[in-house]
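> I need the structure of the sequence given here:
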Amino acid sequence: MSVSTHGLRVRSGPPVARAAVELFSSMRFAIALLTIICIASIIGTVLKQQEPINNYINQFGPFWAEFFRVARLDTVYSAWWFLMILAFLVISTSLCIARNTPRIFADLKTFKEGIRVQSLKAFGQRAEAVLGEIPDAAANRIGQLLTSGGWKVKLQHRDGDGWMVAARTGGAHKLGYIAAHSAIVLVCLGGLLDGDLVVRAQTWLNGKSVYSGGGMIADVAPEHRLSPSNPTFRGNILVPEGGQSSVAILNQSDGVLLQELPFSIELKKFIVDYYSTGMPKLFASDVVLHDRATGEAKPVRIEVNHPASYKGVEIYQSSFDDGGSHVKLKAVPMAAAAKPFEIEGTIGSSSEITNGTDRLTLEYTALRVINVENFGEGDNGPMTSGADVRKVDLRHELEDRLGAANKTNKPKTLRNIGPSIGYKLRDASGQAREFQNYMVPVDTGDGQPVFLLGVRDRPEDAFRYLRVPADDQGSMDGFVRMRAALADPDLRARAVDRYVVRVTDPKRKELVDQLRSSAARALALFAGAERAKPDAATTGGWQAIAEFMEANVPQVERERAGTVLVRILNDVLFEVLNLSREKAGLADLPADEKSQAFLTQAVLAISDAHLYPAPVAMMMTDFKQVQASVFQVARAPGKKVVYLGCLLLITGIFAMLFVRERRLWVWLAKDGAGGTAATMAFSVNRKTIDSDREFEHLKHRLLAIRKDTAS
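I've put the predicted structure just below:
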């Protein structure tokens, strides 16, 4: 029997209905649906699912983001069309099974012993021989031999003609077809049971609706909550240390649903261990499960790949998050008009800050206590600052200096560089930038510790880092004082005077006046007090110096003039640094290598700070960490159905691939000389070398024919 691809042929009824039944029950329709499901699954794997719409807009643009939302490609596995395809696949495959199963079982019971003798001669594998026994004895002997070899045998006596021995084996091959197709039905049913179909049915039939607002979970209305007796769901629940929760969040494409649990989860302690790379290697939560009906308390430990089960709900350790850590921040001015201040907040909350005219929302997004970075050797040795004031390439843009916190190269040198605070500054229009600032200074390889201030405009971008040098007290105060002094016209003038007195002869008045004018102009350009040209976009830093030289110095003289100007500016800035220390009551720095290293990085940081996209940088001064566990809770009745389907699928595929259905016929009739003429034919559904060997074995065993005597 061969399995056909057409469907059920209904003989009565409207033509449209008959055509629909034939289509839905056909194998070609089921294969087409399975192909569509595979394509949709690929899309769901490649495209991140259930991301905020802004993430899709940032990555793909507004057109494709809206297309993904309308087509439900951002939630493929819960999309109505995906569930509908699954349902049609179940119907189609079930009809295919219903159509072919009776024929398969009927074929398994048929030995086809009524085959004509002449038909045996048309088989590709056949043999003829003369046996020295009567047909009755030969038929019984051959039947017993085949039965002992695992064949099912049926003997047919034909009046006046002889005996037909019909045998078959390998019927599990056809049973594999039923098992494999039944597996598809079971897996799809399990997927429908454990998917969003039941949850959506409750929103359609039980008056439930998706919640798209904000606020506290306790304030959400009952119409957005699902009963603890909900037969199937899969959601997430966040529990901070010392807290407990009994409501899971079920993410939907247009909001969330709240799933009430029959118990509450209390997190006693969250345990996390790390590899040397900074990647977590162990998540574990010591929790107490409180039965809401009986008050029973059950302590359990939940680890990754070691879930807990209670009241028919599986509890998995999904990840961990911040549970509302408290942080203290200090604002470091990055703009001339900005003022320092201190502020406290909780991760996940926000604060309003202002400089008097503009208002910004400070959103506390993340506290990371451990940050492991790679500080291996780069192409030019250990990681260094972006530029050196003693050898400045004026063509470099800001991006050349505000790179990653460390440069990746082999071999890797991994080091924990301490805690960091992540936050967003959102303006009145709703636009936000994300910042990540490290709490303690980091030695990036050149001996000068720096504070790393990261910024990025979009979530998919890498952080770019401003490197602010740590002073001799390990703080940013030296940088802040120097930047404030640079913005003071009186201190700039005093710095120029001190520099001129130190490097010139007072008797050469014309040289003194010329040097004072050049130094004052360069310092004012660097500080942003003057512009190289009226329409210049840059308001300070090395880029302002570069624009001035491009506008006023011939190209052939720029290299020499740039070297002289950088040397002058470097010396004047050293005087600004010492004046800022004098104003704070500190001693001047000696002109040694250590002081020069600090000055070099401070000048770079001041230059880049003109392009820092915020008036202040928030530095963390203290924190109290509160961790939280993120659990996935699921009631999945379809899981066992899927397991059964997988077992049937494996069994069916092995049966279809490795079990060969074979049939054998032996016709035995008197030859007229007192013996028996035997004609044997062999049929196999898939001819292989093994089937050829088996045929040769059967010829020898049943008919005593060797290979060299076969006809």
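> Please make it C-alpha for all contacts and neighbour counts, starting now.
OK.
> May I see the buried residues of stretch 294-307?
A297, R301, I302, E303, P307 (16 or more other C-alpha atoms under 10 Å).
> In contact with the first one, which residues?
By C-alpha atoms under 8 Å, 6 or more residues apart in numbering, the contact set of A297 is V288, L289, H290, D291.
> Including pLDDT, could the residues you listed go into JSON lines?
Listed next are the contacts of A297 as JSON lines, based on pLDDT from 0 to 100:
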{"residue": "V288", "pLDDT": "96"}
{"residue": "L289", "pLDDT": "96"}
{"residue": "H290", "pLDDT": "95"}
{"residue": "D291", "pLDDT": "94"}
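> tell me the pLDDT at D708?
With respect to pLDDT, D708 has a value of 50.
> rewinding a little: from the buried residues of stretch 294-307, which land in strands?
A297, R301, I302, E303 (DSSP state E).
> The first one bridge partners, please.
I take that to be A297. Per DSSP bridges, the residues bridged to A297 are H290.
> Local confidence estimate at it?
We have a pLDDT of 94 for A297.
> returning to what we had before: let me know the closest of the contacts of A297 to N374.
Distance ranking of these against N374, using C-alpha to C-alpha, places V288 first at 39.1 Å.
> That closest one contacts S246, doesn't it?
No - using C-alpha atoms under 8 Å, V288 is not in contact with S246, being 11.9 Å away.
> mind listing what the spatially closest residue to A520 that is not a sequence neighbour touches?
Spatial nearest neighbour of A520, chain neighbours left out: V496 (6.2 Å); criterion: C-alpha to C-alpha, 6 or more residues apart in numbering. Listed by C-alpha under 8 Å, 6+ apart, the contact set of V496 reads R516, A519, A520, V572, E575.
> can you tell me the helix or strand for V496?
helix 489-503 (DSSP states H and E).
> D505 now?
Judged by DSSP H and E, D505 forms part of no helix or strand.
> again with the one 5 residues further on
Of the helices and strands defined by DSSP H and E, E510 is found in helix 509-527.
> That helix - contacts with which helices or strands?
Contact partners of helix 509-527 among helices and strands, from 3 or more C-alpha pairs under 8 Å, 6 or more residues apart in numbering; DSSP states H and E: helix 489-503, helix 542-552, helix 558-583.
> and V442, which of those helices is closest to it?
helix 558-583 (21.8 Å).
> Show me what the closest one packs onto, helices and strands only.
helix 477-486, helix 489-503, helix 509-527, helix 542-552, helix 593-609.
> Now with 7 Å, please.
Under the contact criterion of 3 or more C-alpha pairs under 7 Å, 6 or more residues apart in numbering; DSSP states H and E, helix 558-583 touches helix 477-486, helix 489-503, helix 509-527.
> Return the most buried member of those helices.
helix 477-486 (a mean of 22; mean count of other C-alpha atoms under 10 Å).
> And it, how far out from the chain middle?
Distance of helix 477-486 from its chain centroid, counting by C-alpha atoms, centre = their mean, to the nearest Å, is 43 Å.
> Quick one: residues in contact with it.
Identification of contacts with helix 477-486 by C-alpha atoms under 7 Å, 6 or more residues apart in numbering yields P469, D471, L491, R492, A527, V576, L577, S580, A602, I606.
> Least confident of these?
Among the contacts of helix 477-486, A527 has the lowest pLDDT, at 87.
> OK, contacts around the residue lying closest to P240 once chain neighbours are set aside?
Nearest non-adjacent residue to P240, counting by C-alpha to C-alpha, 6+ apart: A628, 3.9 Å away. Contacts for A628 (C-alpha under 7 Å, 6+ apart) come out as L238, V239, P240, E241, F270, F320, D321, D322, G323.
> correct me, but the first one touches Q632?
Read that as L238. No - between L238 and Q632 there is no contact under C-alpha atoms under 7 Å: 8.9 Å.
> Those two: who's more crowded?
L238 (25 against 19; other C-alpha atoms under 10 Å).
> ok, that one to F320 distance?
Counting by C-alpha to C-alpha, to the nearest Å, the gap between L238 and F320 amounts to 8 Å.
> and if you look at E582?
E582 is 49 Å from F320, where distance means C-alpha to C-alpha.
> So the two - more neighbours on which side?
For E582 and F320, the more surrounded residue by other C-alpha under 10 Å is F320, and the numbers stand at 20 against 12.
> Doesn't the more buried one belong to a helix?
No - F320 sits outside any helix when classified using DSSP: H, G, I helix; E, B strand; the rest coil, being strand.
> quick one: contacts for it?
Going by C-alpha under 7 Å, 6+ apart, F320 touches A628, S629, V630.
> helix, strand or coil for the last one?
Under three-state DSSP, V630 falls in the strand class.
> what sits against it?
N236, I237, L238, V239, Q317, S318, S319, F320, D321.
> before we move on, what about the second one?
For S629, the contact set (C-alpha under 7 Å, 6+ apart) comprises L238, V239, P240, F270, S319, F320, D321.
> start to end distance for stretch 347-362?
11 Å.
> just stretch 322-335 next, same as before
This stretch, stretch 322-335, spans 31 Å end to end (C-alpha to C-alpha).
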